[in-house]
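Student: Here is a sequence together with a model predicted from it:
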Amino acid sequence: MGLGLAFLASCSKEEITVADTQPQNSTSNNQAEVSSESVVRRGQSYIILSSTDNLPSDLASQMQAANGTLTGELSGAGLALATSTDPDFAAKASRISGVRSVIHDFTYQGFAPNSARDVEAVTESDNTNPATSADNDRFFPLQWGHTAIQAPEAWNTGARGKGALVAVLDGGFDLTHPDLVANIAGSKSFVPGEAAQFKGSAFSHGTHTAGTIGAVDNNLGVVGVAPEAKLLLVKVLADGGSGSFSWMIQGIYYAVSQQADVINMSLGAAIPNSSKYRDDNGTPEDTSDDKWVNDTKEIQELLVAISKATSYATKKGVTVIASAGNDANNGQRDKNLVHIPSGATDVISISATGPMGWALKPLETNLDRMASYTNFGTSDVEFAAPGGDAAYPGNDIASIAGVTQYAFAFDMVFSLTSQGRYTWSAGTSMAGPHAAGVAALIVGKAGGQLDPSRVRAIMRASADDLGKPGRDPYYGYGRVNALRAVSQAF
């Protein structure tokens, strides 16, 4: 989930023009919050949950007998998808032997489309990170997140993610971006009517997250945390950020089938357990016949459905990482809010850190300050990672590596966007990819195909314990550390 402002930069100009706009503070009121009004029940689309990891035999004919049409079977995960115009379909299908429950699919806003402000850039400059082969990449000095997690030091040991495959489940991607294309192992879209390629010139959330994980070290723009890892780009959200949970489930299942080592999901919805939800009555484009429903059990079963998918992935050897969400919510106190997918079984949930005023004092500013928007809670956060923040107040102007901009912009995460360009953005969406990149470095160091429990243990043993000793509500077990992670015994 990404939030705040995005700034676009091209490599075609020698000077930078500061946009004539005012900075905005990041508070819980301007984040990618998902309310019950933005989570809509799909009146004629269903998710079938099996009582076990196996599906009942002859499920298609049994669905037909219940006045439904089976549209997908995820064998091994105990999940299936169906459609029906019969209002009693769920009740009928639930009576099939071996079926645990039948629930509606839901649409949700997985991330908020960022507003963009064009900034023309840049001039060359020296690198402020430790010397590595990446020091010729033009925007590498802006990647303070790499400094925070000691990624350059990890590269200097030879760990660069080679041999790891990371599946990025997100919105559309710029499949031709020069900083990305060489590391793309494949792409697929589960969004009906939309290809995996991002369309238009707006901010591309998927391209940004993919770039943080695995942008190529090519002496051009930015560098990913794991610059030699391969990327499987899976579109499960429309370019505008909306999607259905069934698309997420299918994306997870597909990533497993392609033998991904890591899944990153910088997306999600914070859904109240007890609330009314709009039902689209099978006509999402026409709201005139919508109705409102209240089904707490259905939301609980939705989390179970996602958990069946994530558990399946973990059993198949995939480390699953998701952003914790941008609601500034204390999960320990607000038990009513269910965050999906970070709250699902076996998912490593990532909170966000971000400096304030880094560009003004780059050697003195705390890079591990908790971001103003991040969700938190001892049981809700496993690790923290750089996500950026736009909370710096005022109109101060700063310059880093020949780039001049408002100081608050530099506190966000700099990565890729559409049409071969680059952008700043902030959110736990940006934190998750930093952690996924570290996971890819671990898998690559191990030679590939490392058991998720081992990846998790190494991340835990190597994290910098910045909060209260042990697991705390903000940093979890600590902020991820790439150098310490690849220095562990394998």
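Tutor: Happy to help now that I have it.
Student: Please count neighbours and contacts with C-alpha atoms only from this point.
Tutor: Fine.
Student: State the helix or strand in which residue 312 lies.
Tutor: Assessed by DSSP states H and E, residue 312 sits inside helix 296-315.
Student: Who are the packing partners of that helix?
Tutor: strand 79-83, strand 99-109, helix 245-257, strand 319-323, strand 337-340 (3 or more C-alpha pairs under 8 Å, 6 or more residues apart in numbering; DSSP states H and E).
Student: which intervals of this structure have sub-threshold pLDDT?
Tutor: Counting by pLDDT under 70, the low-confidence segments of the chain come to 1-37, 113-135, 274-275, 285-289, 335.
Student: Please report how far the residue most central in space within it lies from residue 69.
Tutor: The C-alpha lying nearest the average C-alpha coordinate of the chain belongs to residue 266 (C-alpha atoms, centre = their mean; 0.9 Å). Distance, residue 266 to residue 69, using C-alpha to C-alpha, to the nearest Å: 31 Å.
Student: And residue 311, how far from residue 74?
Tutor: Residue 311 is 13 Å from residue 74, by C-alpha to C-alpha.
Student: And for residue 106?
Tutor: 18 Å.
Student: So which of those two has more stuff around it?
Tutor: residue 106 (24 against 18; other C-alpha atoms under 10 Å).
Student: quick one: buried residues of stretch 325-345?
Tutor: With burial defined by 16 or more other C-alpha atoms under 10 Å, the residues of stretch 325-345 counted as buried are 325-331, 337-345.
Student: again with stretch 346-359
Tutor: Buried, per 16+ other C-alpha under 10 Å, within stretch 346-359: 346-359.
Student: just stretch 363-381 next, same as before
Tutor: Buried-residue list, stretch 363-381, by 16+ other C-alpha under 10 Å: 366-378, 380-381.
Student: And the helices in the stretch 301-450 of the chain?
Tutor: With DSSP state H, counting those that start in this stretch as the criterion, the stretch 301-450 of the chain has helices at 407-410, 428-445.
Student: Please identify the most buried of the ones you listed.
Tutor: Sort these by mean neighbour count, taking mean count of other C-alpha atoms under 10 Å, and helix 428-445 sits at the top with a mean of 32.
Student: Please state the offset of that one from the chain centre?
Tutor: When distances are taken as C-alpha atoms, centre = their mean, to the nearest Å, helix 428-445 is centred 11 Å away from the chain's centroid.
Student: so what does the helix or strand following that helix touch, helix or strand wise?
Tutor: Per DSSP H and E, the first helix or strand lying C-terminal to helix 428-445 is helix 452-462. On a contact count with 3+ C-alpha pairs under 8 Å, 6+ apart, helix 452-462 meets strand 319-323, helix 428-445, helix 482-486.
Student: helices or strands up against the last one?
Tutor: The elements that helix 482-486 packs onto, with contact taken as 3+ C-alpha pairs under 8 Å, 6+ apart, are helix 151-155, helix 428-445, helix 452-462.
Student: any chance of those in CSV, with distance to residue 301 too?
Tutor: Below are the helices and strands packed on helix 482-486 laid out as CSV (distance: least, C-alpha to C-alpha, whole Å):
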stretch, distance to residue 301
helix 151-155, 39
helix 428-445, 25
helix 452-462, 25
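Student: Out of those, which is closest to residue 208?
Tutor: helix 428-445 (8.0 Å; C-alpha to C-alpha).
Student: Tell me what angle that closest one forms with strand 319-323.
Tutor: 160 degrees (axes from the mean of the first three to the mean of the last three C-alpha atoms, to 10 degrees).
Student: residue boundaries of the strands in the stretch 1-150 of the chain?
Tutor: Counting by DSSP state E, counting those that start in this stretch, one finds strands in the stretch 1-150 of the chain at the ranges 3-10, 40-50, 69-74, 79-83, 99-109, 115-120.
Student: Need those in CSV (columns: distance to residue 485).
Tutor: Formatted as CSV, the strands of the stretch 1-150 of the chain follow (distance: least, C-alpha to C-alpha, whole Å):
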stretch, distance to residue 485
strand 3-10, 29
strand 40-50, 37
strand 69-74, 34
strand 79-83, 35
strand 99-109, 34
strand 115-120, 35
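Student: Tell me which of those strands approaches residue 302 most closely.
Tutor: strand 99-109 (7.3 Å).
Student: what comes up buried for that closest one?
Tutor: 99, 100, 101, 102, 103, 104, 105, 106, 107, 108, 109.
Student: do stretch 174-191 as well
Tutor: 174-175, 177-184, 187-191.
Student: what's the domain layout of this protein?
Tutor: 3-37+110-486, 40-106 (automatic domain parsing).
Student: just those domains: most buried one?
Tutor: domain 3-37+110-486 (a mean of 23).
Student: and that one, how far from the chain's centre?
Tutor: On C-alpha atoms, centre = their mean, the centre of domain 3-37+110-486 falls 5 Å from that of its chain.
Student: what's the farthest-apart pair in the buried residues of stretch 346-359?
Tutor: Most distant of the buried residues of stretch 346-359, by C-alpha to C-alpha, are 346 and 359, 37.1 Å apart.
Student: So what pairs up with the residue lying closest to residue 305 once chain neighbours are set aside in the strands?
Tutor: In space, and not counting its chain neighbours, residue 305 is closest to residue 49: 6.5 Å by C-alpha to C-alpha, 6 or more residues apart in numbering. Taking DSSP bridges, one obtains residue 79, residue 101 as the residues bridged to residue 49.
Student: Report the contact partners of residue 49.
Tutor: Residue 49 makes contacts with 78, 79, 80, 99, 100, 101, 102, 305, as judged by C-alpha atoms under 8 Å, 6 or more residues apart in numbering.
Student: now do residue 50
Tutor: Per C-alpha under 8 Å, 6+ apart, neighbours of residue 50: 56, 78, 79, 98, 99, 100, 101.
Student: Also residue 239?
Tutor: Residue 239 touches 171, 172, 198, 199, 204, counting by C-alpha under 8 Å, 6+ apart.
Student: For it, give its distance to residue 267.
Tutor: 13 Å.
Student: what do you get for residue 196?
Tutor: 16 Å.
Student: Give me the phi and psi angles of residue 185.
Tutor: phi -90, psi -20 (degrees, to the nearest 10).
Student: what sits against it?
Tutor: So, once contact is read as C-alpha under 8 Å, 6+ apart, residue 185 ends up touching 230, 231, 232.
Student: Show me what the helix or strand in which the second one is found pairs with in its sheet, parallel or antiparallel.
Tutor: This means residue 231. According to DSSP H and E, residue 231 maps onto strand 230-235. Using DSSP bridges, the strands paired with strand 230-235 in its sheet are strand 165-170 (parallel), strand 184-189 (parallel).
Student: Including distance to residue 414, could these go into a markdown table?
Tutor: Shown next, in a markdown table, are the strands paired with strand 230-235 (distance: least, C-alpha to C-alpha, whole Å):
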| stretch | distance to residue 414 |
| --- | --- |
| strand 165-170 | 18 |
| strand 184-189 | 20 |
